[in-house]
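Enquirer: What would the 3D arrangement of this be:
(2 chains)
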Amino acid sequence: MTAVLLLTGCSASEGQTATLQLPAKNQAQWAMPLDRYVVTNAQLARQSYATAILLQKCLADKGFVRTVPLLHFERAQQRGAGIINVFDRDVASKSGYHTPQLLSPGDQAAWNQYLTAPRSDGELAASDSCNEEMGDTEPSYGNQSINFAMSFVGAALNGARTDSKVLEAADEWTRCMASSGVEDLPRTPEGMPSDSLRQKFGLKEEKDKPAGTEVSALETHLALADAECRETSKYSAIRYQAEWNRQVSLLKENFEALEAAGKKISATDARISRVISKYAPAS
Amino acid sequence: MNNAGLTISRDESARRSLSTRMKMVLGMAAVAAALFVGIGGAAPAHADPTGYCIAGRACVWDDPEYKTQGSEGRLLWFEFSVTPMSAYNYISSTITAGDTADSWYNNGNVSTACFYDLADYSGSRQCLTKKTGDGNIANTSGYIQNINWDPNSAKFI
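Expert: Here you go, the predicted model:
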């Protein structure tokens, strides 16, 4: 279900009138008014995959074998794999503070190996040549489309974080978490997990080395307590509303430009899907 | 990178209080909207950072023009991810890369590199597709415009 506001805009690309539609509120999914204009991590990952596939074809024509692994993007549809990292009781109980990943561990390892495999100077020169040759035929959202709506999302996010009602709810969350025993409890839930917890739960990363994936019972227990405090303090609900309100304002103010960006994103989605379905390696 | 006119110097930027910067955000977002409508996708091309930021990596520098203290070689690079950037200095310098990087370049071969306001890939996000960069994220030209934060984490996606 969507809410329709009486605001229309004339699409710059096609001259058609568009109507501003708000998605149904859904705190569990952290659904937001600007979502449909944002290029998500999942979309970016598919773009990279399509590029790699096309590059592989071009390199083969130049005598270089660079095999792209088969990737499965089913996980990209799950919660928490999109624009922000959703954190609630459900996520906490399943993965603690660990962030859900777009790819399975096996696919991720294969992709990392592809990215970092040694390349000769000849192959790099051929890759540069391929990039030039592919040009506009390579499906890409482009930097402007990728970053445009995210500028507004960031503005709404920062505004909501410093909203007085949100900060009051954060105080309530702090009281709720007082008995948790976290020695460096942050001022707001956004600072969780704290440094000491990151250390304890194997979440500290080194450059180019991702965090461990094991979720301990202690981590799950604390993450659940945290999620419950965010709920009982109403922090999550108040923050969701604060972010929502800001996004509605920004959507109204920039509707035409966002619609134009959204159309470009949809067209690129289709082109990326065509490349993957046509050229992706067989299983 | 053209730094004329609206460019904010590092010293000036550093003097700005956080609250002042926050107030700028919505106004700048509106400017971004105007810019998007007129953008034709022209790539900014001035300094070439690929001599030091080798293929397969993304790199950041403290200052505009892909430099730190006047040197292109003083950079922080990654090939998968880095968080928090505040745990690292630019090569051959004592300057932390956390919340200081004003020039970004993605010399990856296929993937988009994304840069985040906060550690652990959270907060505001801005990205660069392969083989693109911006020699001054705070000014009004290039792929990244009017950003009033410097990143504390980044990764390829």
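Enquirer: For the stretch 1-150 of chain A, which segments are assigned as strands?
Expert: Assigned by DSSP state E, counting those that start in this stretch, the stretch 1-150 of chain A shows strands spanning A:2-10, A:17-23.
Enquirer: for chain B, same thing?
Expert: Taking DSSP state E, the strands of chain B run over residues B:58-61, B:76-78, B:81-82, B:103-106, B:113-118, B:122-128, B:132-134, B:153-156.
Enquirer: For the residue of chain A at minimum distance from chain B, give me phi and psi.
Expert: Minimum separation of chain A from chain B (Cβ to the nearest Cβ) falls at A:G154, amounting to 3.0 Å. Where C-beta positions appear, they are placed from N, C-alpha and C, glycine not excepted. The phi/psi pair for A:G154 (degrees, to the nearest 10) reads phi -60, psi -40.
Enquirer: That one touches B:S124, doesn't it?
Expert: Yes: between A:G154 and B:S124 there is a contact under Cβ atoms under 8 Å: 3.0 Å.
Enquirer: what's the overlap in contacts for those two?
Expert: B:D117 (Cβ atoms under 8 Å, 6 or more residues apart in numbering or on different chains).
Enquirer: what's the spacing between A:R187 and A:T232?
Expert: 18 Å (Cβ to Cβ, to the nearest Å).
Enquirer: what's the answer for A:Q47, then?
Expert: 40 Å.
Enquirer: and whichever strand or helix holds A:S277, what does it pack onto?
Expert: Per DSSP states H and E: A:S277 is located in helix A:255-279. Packed against helix A:255-279 by the contact rule (3 or more Cβ pairs under 8 Å, 6 or more residues apart in numbering or on different chains; DSSP states H and E) you find strand A:2-10, strand A:17-23, helix A:41-61, helix A:143-161, helix B:18-38.
Enquirer: Pull out the buried positions in the third one.
Expert: Pointing back at helix A:41-61 there. By neighbour count on 16 or more other Cβ atoms under 10 Å in any protein chain shown, the buried set for helix A:41-61 is A:41-56, A:58-59.
Enquirer: If we check chain B, which of those residues are in contact?
Expert: Filtering those for proximity to chain B by Cβ under 8 Å from any Cβ of the partner chain leaves A:N41, A:L44, A:A45, A:Q47, A:S48, A:T51, A:A52, A:L55.
Enquirer: about what we covered before: for the strands of the stretch 1-150 of chain A, which has the smallest mean pLDDT value?
Expert: Among those, strand A:2-10 has the lowest mean pLDDT, at a mean of 55.
Enquirer: Find the nearest non-adjacent residue to A:T174, please.
Expert: Leaving out its chain neighbours, the residue that sits closest to A:T174 by Cβ to Cβ, 6 or more residues apart in numbering or on different chains is A:L185, at 6.6 Å.
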